[in-house]
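Q: Coordinates only, no sequence provided:
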DNA sequence: AGGATGCTTCGGTTACGATCGAAGTATGAA
DNA sequence: TTCATACTTCGATCGTAACCGAAGCATCCT
């Protein structure tokens, strides 16, 4: 009966609340130090250290030393996707750590998901790109159309250069707050980076939420209308 | 820092070896009794009973009573996908329960993945359908073409009736042995069912492997050539 | 009715791992 | 060099949950 890979090891790694909180914090995409992750997990530095080494030997985390700091990130996008999909499942089963509170709205509106935009704004952007004919949606799959390629060029994104990377250009990622898909992949990353370069949006420290400037929000809503 | 859904609960449920083995056994798609699952988990019936009730209240399993038996299945396809994607991640990180042994080949060649065909044959079938122009592949997404709809009709599969179901017609599912995609969704299920009806293939008891009859294998290879 | 099978609940044991205090190592700053 | 910061390792405690034996229900068969 012992066939195939052992999912229990990975499950157990994610199954500890402290570790789960650290992983969730890393879904924010930035590299975090052991001390920051200890705070995220609500534990002391010593305990966090042992957790982090377990996560790393388990292949879920990558680290790089920089001076006397040690920065941790999720090992790769596959891990990020797993975490997000578990969040989706957990949300649909009602496993919530807290009731939806007054602090939530900012997070539901726009937040970081590993390296791209999620939340209401993320979902709206993808819907709009599909409605505008910039992206073809077939089943779960997404592909940039010829029209989309030129549209994106106008915004300042060179799709052809993104294509050369090994990472998939488009990916749909299920949103746990909206329960609908938003845009991931290298294009999703490039779009968010583009917004931040232009000063339309910026990340809040210590949180996954992304806030748009009044002007940035106007431009965003103009660029991605709800009904094409 | 406590934002979003709690992945630790789900992780912990999957993180116990006995429970993980039971879940993996259910990836085979058939409904299993508590006694069978106890054997799959390598534990006594009493212990299995408590595990199963935890898995059920956690939303990962569904059960239905039938006489004095209690049949368990994975709660829905989302759970099946999560388990499979964890297997993929575990395989890529080298978390194996055993070295690839002589008993493996049958499993790698053709096996059940929830309700559709996986393994070498599953991957080949999807590749072939794409090469033949029966299925369009865009990114991760799959869609049946007009040509595909008539091709499948010839085999004895009515695509239009499948479309009416709420479940997605095509889905790509990552194979942990091949590390490539095979066909899931209602079409994937229908195709496997079709092969079994025709007597081309049958499931082995107590295992996830699917064996083709000599004639069935000939027909399968003819129907799904490698290079179109 | 009596007996067998499938499963659950209870009680008590046991083992594993999460936790932190304290001490040890590495890197940078003064 | 000396001190401070960032982190790891050691050692010991403690809680939780996995586990099984035994007993209790429920369902089916004869």
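A: Now that the structure is in, tell me what you want to look at. What you are looking at is a predicted structure, and each value in this text was computed from that prediction instead of being measured.
Q: and the helix ranked longest in chain A, what other elements does it pack with?
A: Criterion DSSP state H: the longest helix present in chain A is helix A:77-92. Other helices and strands packing on helix A:77-92, by 3 or more Cβ pairs under 8 Å, 6 or more residues apart in numbering or on different chains; DSSP states H and E, are helix A:17-26, strand A:171-174, helix B:7-15, helix B:77-92. In this view, the C-beta of every residue, glycine as well, is placed from N, C-alpha and C.
Q: Where does pLDDT dip in chain A?
A: Where chain A drops to pLDDT under 70, the residues are A:1-4, A:95-104, A:228.
Q: How about the contacts made by the residue lying closest to residue A:212 once chain neighbours are set aside?
A: Excluding its sequence neighbours, the residue lying closest to residue A:212 (Cβ to Cβ, 6 or more residues apart in numbering or on different chains) is residue A:201, at 4.8 Å. Going by Cβ atoms under 8 Å, 6 or more residues apart in numbering or on different chains, residue A:201 touches A:110, A:192, A:195, A:210, A:211, A:212, A:213, A:216, A:220.
Q: try it again with 6 Å
A: Counting by Cβ atoms under 6 Å, 6 or more residues apart in numbering or on different chains, residue A:201 touches A:195, A:210, A:212, A:216.
Q: what's the distance between the last one and residue A:222?
A: Separation of residue A:216 from residue A:222 (Cβ to Cβ, to the nearest Å) stands at 11 Å.
Q: Ok, residue A:201 next?
A: Using Cβ to Cβ, we find residue A:201 at a distance of 15 Å from residue A:222.
Q: What of residue A:60?
A: 40 Å.
Q: again, but for residue A:176
A: Applying Cβ to Cβ, the value for residue A:176 to residue A:222 is 28 Å.
Q: With neighbour numbers in mind, choose between those two.
A: Counted by other Cβ atoms under 10 Å in any protein chain shown, residue A:176 and residue A:222 do not tie: residue A:176 has more neighbours, with 21 against 8.
Q: hang on, the earlier thing: in strands, which of the contacts of residue A:201 appear?
A: Mapping these onto strands (DSSP state E) picks out A:210, A:212.
Q: For my notes, please list the contacts of residue A:201 in a markdown table and give neighbour count and distance to DNA strand D for each entry.
A: Below are the contacts of residue A:201 laid out as a markdown table (neighbours: other Cβ atoms under 10 Å in any protein chain shown; distance: Cβ to the nearest atom of the strand, whole Å):
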| residue | neighbour count | distance to DNA strand D |
| --- | --- | --- |
| A:195 | 24 | 30 |
| A:210 | 25 | 25 |
| A:212 | 18 | 32 |
| A:216 | 17 | 33 |
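Q: Nearest to residue B:76 among the contacts of residue A:201?
A: Ranked by distance to residue B:76 (Cβ to Cβ), those are led by residue A:210 at 31.6 Å.
Q: what's near enough to touch that closest one?
A: By Cβ under 6 Å, 6+ apart, the contact list for residue A:210 reads A:110, A:111, A:112, A:201, A:203.
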